[in-house]
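> kindly return the folded structure for what I paste below:
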Amino acid sequence: MTDPIADYLTRLRNAIHAGHRVVEVPASNIKKEITKILFDQGYILNYKFEEGLGAQGTIKIALKYDPIDKVSAIKNLHRVSRPGLRQYTGYKDMPRVLNGLGIAILSTSQGVMTNKEAKDRKIGGEVLCYIY
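Numbering: from 1, shown residues only. Alright, predicted model coming up:
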């Protein structure tokens, strides 16, 4: 696997389209941080890190759906930076996702964070993905 973040986003996207309640993904440090951001921003219900057979274990993610019409809280996951074409941004040119309604997840020198948090701290970095 050459792009573990794309694999992570694809597993989430496929589970949402299939209507699953829980999805398991192989764990890594950056996936743990992205999952924590998704939980903090209210896109997923809960998550749990499990040590398992793999070197890093797995992450179990409980997906969030509207109780009435069963629509997912995550409408779209879009991978921006990829191994063949990295996308970087400064804090002055920070991307706005869906005019501020969505989030961009960035990998910065101070860790993985949302575009709003990076702009407040006045740091730029690699744009990993857009979520709305």
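
> what residues are up against H20?
L63 (C-beta atoms under 8 Å, 6 or more residues apart in numbering). Yep, even glycine has a C-beta here, placed from its N, CA and C like the rest.

> how about it, secondary structure?
coil (DSSP: H, G, I helix; E, B strand; the rest coil).

> what pLDDT does it get?
Looking at H20, its pLDDT reads 95.

> can you tell me how far it is from L128?
Separation of H20 from L128 (C-beta to C-beta, to the nearest Å): 23 Å.

> and the spatially most central residue of the chain, backbone torsions?
Nearest to the geometric centre of the chain sits I34, at 4.5 Å (C-alpha atoms, centre = their mean). Phi and psi for I34, reported as degrees, to the nearest 10, are phi -60, psi -40.

> so it makes contact with I105?
Yes - using C-beta atoms under 8 Å, I34 is in contact with I105, at 5.9 Å.

> find the residues that touch each one of those two.
With C-beta under 8 Å, 6+ apart as the test, I34 and I105 both reach 112, 128-129.

> would you state the helices of this protein in chain order?
4-18, 29-40, 115-121 (DSSP state H).

> which secondary structure elements does the first one contact?
Read it as helix 4-18. The contact analysis (3 or more C-beta pairs under 8 Å, 6 or more residues apart in numbering; DSSP states H and E) places helix 4-18 against strand 22-26, helix 29-40, strand 58-63, strand 77-79, strand 125-131.

> now that helix - C-alpha only, PDB.
C-alpha atoms of helix 4-18 as PDB (Å, rounded to 0.1, in the frame of the first residue of the first chain):
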ATOM      1  CA  PRO A   4      -2.400   4.700   3.800                       C
ATOM      2  CA  ILE A   5      -4.400   7.900   4.200                       C
ATOM      3  CA  ALA A   6      -6.200   7.300   0.900                       C
ATOM      4  CA  ASP A   7      -6.900   3.800   2.100                       C
ATOM      5  CA  TYR A   8      -8.300   5.100   5.400                       C
ATOM      6  CA  LEU A   9     -10.600   7.600   3.600                       C
ATOM      7  CA  THR A  10     -11.700   5.000   1.100                       C
ATOM      8  CA  ARG A  11     -12.600   2.500   3.900                       C
ATOM      9  CA  LEU A  12     -14.700   5.300   5.600                       C
ATOM     10  CA  ARG A  13     -16.300   6.300   2.300                       C
ATOM     11  CA  ASN A  14     -17.200   2.700   1.400                       C
ATOM     12  CA  ALA A  15     -18.600   2.000   4.900                       C
ATOM     13  CA  ILE A  16     -20.800   5.100   4.700                       C
ATOM     14  CA  HIS A  17     -22.100   4.200   1.300                       C
ATOM     15  CA  ALA A  18     -22.900   0.700   2.500                       C
END
